[in-house]
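Colleague: Could you look at this predicted model? Sequence included:
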Amino acid sequence: MKSALIEILLIILLANNCFSQTSFEIGLDTEEDCILDNAANDDYGNIVMIGHIGSFIGLDYDAFILKVRPDGSYITKSFDRLDTISYFTTIDVLNNGNYFITGSYSIDGNCSERDRLWVAIIDSELNIVTERSYLIRENYVGFGAIACSLIDIEGNIVLTAAAFNEEPDEKTYFDSNSAIIL
């Protein structure tokens, strides 16, 4: 009887340790405004969140990434591009542990006309491995690079985005439900 009771207690203790959840609260040490719009969980239990940081009233903000480790420690990085307004909108974890991130930026500092789609691959230390930007056609303005992405079963990255067309005409057609496979 004693051994059965000891075994049950051991099972309860082991189960409690195996299935327990660790929770913590993070306070970023910044006086700037910060919005985190999207997140992903990588293979090592890290939570990687993306968005933008800076002065929203003054319309001076930059793309931002925050990586929280399972122990609650974290690292951050702001991507300050001179004379631009930028932010990250999507994140996917690649098979090699890098992060595939999309966002947008405006080289003239106009937040409502971010006309560059920004695609970057960032390593686990938050350094840019490679990046490209694409000019969004002039008549598509607004937050044109707001996008959603996912990695399909075959490993393709599927990206879908929407843009505002201020000057629609018969020659121009944009289907906001279109998907691009990269």
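Modeller: Right, received. Where do you want to start?

Colleague: Dump stretch 86-94 to PDB, restricted to CA.
Modeller: What follows is stretch 86-94 as a C-alpha-only set of coordinates in PDB (Å, rounded to 0.1, in the frame of the first residue of the first chain):
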ATOM      1  CA  SER A  86       8.900  51.600 -41.700                       C
ATOM      2  CA  TYR A  87       7.300  48.700 -40.000                       C
ATOM      3  CA  PHE A  88       7.100  44.900 -40.100                       C
ATOM      4  CA  THR A  89       3.800  43.100 -40.700                       C
ATOM      5  CA  THR A  90       4.400  39.300 -41.200                       C
ATOM      6  CA  ILE A  91       6.800  36.800 -39.800                       C
ATOM      7  CA  ASP A  92       7.400  33.100 -40.600                       C
ATOM      8  CA  VAL A  93      10.000  30.800 -39.300                       C
ATOM      9  CA  LEU A  94      12.100  29.100 -42.000                       C
END
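
Colleague: Please spell out which residues along that stretch are buried.
Modeller: By 16 or more other CB atoms under 10 Å, the buried positions in stretch 86-94 come out as 86-93. The C-beta positions use only the backbone N, C-alpha and C, and glycine is treated the same way.

Colleague: for stretch 46-64, same thing?
Modeller: 46, 48-54, 61-64.

Colleague: The helix or strand hosting Ile11: what's the following helix or strand?
Modeller: For Ile11, the host element (DSSP states H and E) is helix 2-18. Next helix or strand after helix 2-18 toward the C-terminus (DSSP H and E): strand 33-41.

Colleague: shaky segments in the protein?
Modeller: The chain contains residues with pLDDT under 70 at 1-5, 9-10, 13-24, 109-114, 137-146, 161-182.

Colleague: Touching, Asp152 and Val158? I think so.
Modeller: Yes: contact criterion CB atoms under 8 Å: Asp152 and Val158 qualify, at 5.7 Å.

Colleague: between those two, which one's more packed in?
Modeller: Counted by other CB atoms under 10 Å, Asp152 and Val158 do not tie: Val158 has more neighbours, with 14 against 9.

Colleague: And that one, how far from Asn127?
Modeller: 25 Å (CB to CB, to the nearest Å).

Colleague: And for Ala39?
Modeller: Relative to Asn127, and taking CB to CB, Ala39 is found at 19 Å.

Colleague: Which residue of the two possesses the greater neighbour count?
Modeller: Legend: neighbour count by other CB under 10 Å for Ala39 and Asn127, higher for Ala39 (13 against 9).

Colleague: so what's the nearest residue to the more buried one once chain neighbours are set aside bridging to?
Modeller: Leaving aside its sequence neighbours, Ala39 sits nearest to Met49 (CB to CB, 6 or more residues apart in numbering; 4.3 Å). When assigned by DSSP bridges, Met49 has beta-bridge partners Ala39, Leu66.

Colleague: close enough to count as contact, Met49 and Leu66?
Modeller: Yes: Met49 is within contact range of Leu66, at 4.6 Å (criterion: CB under 8 Å).
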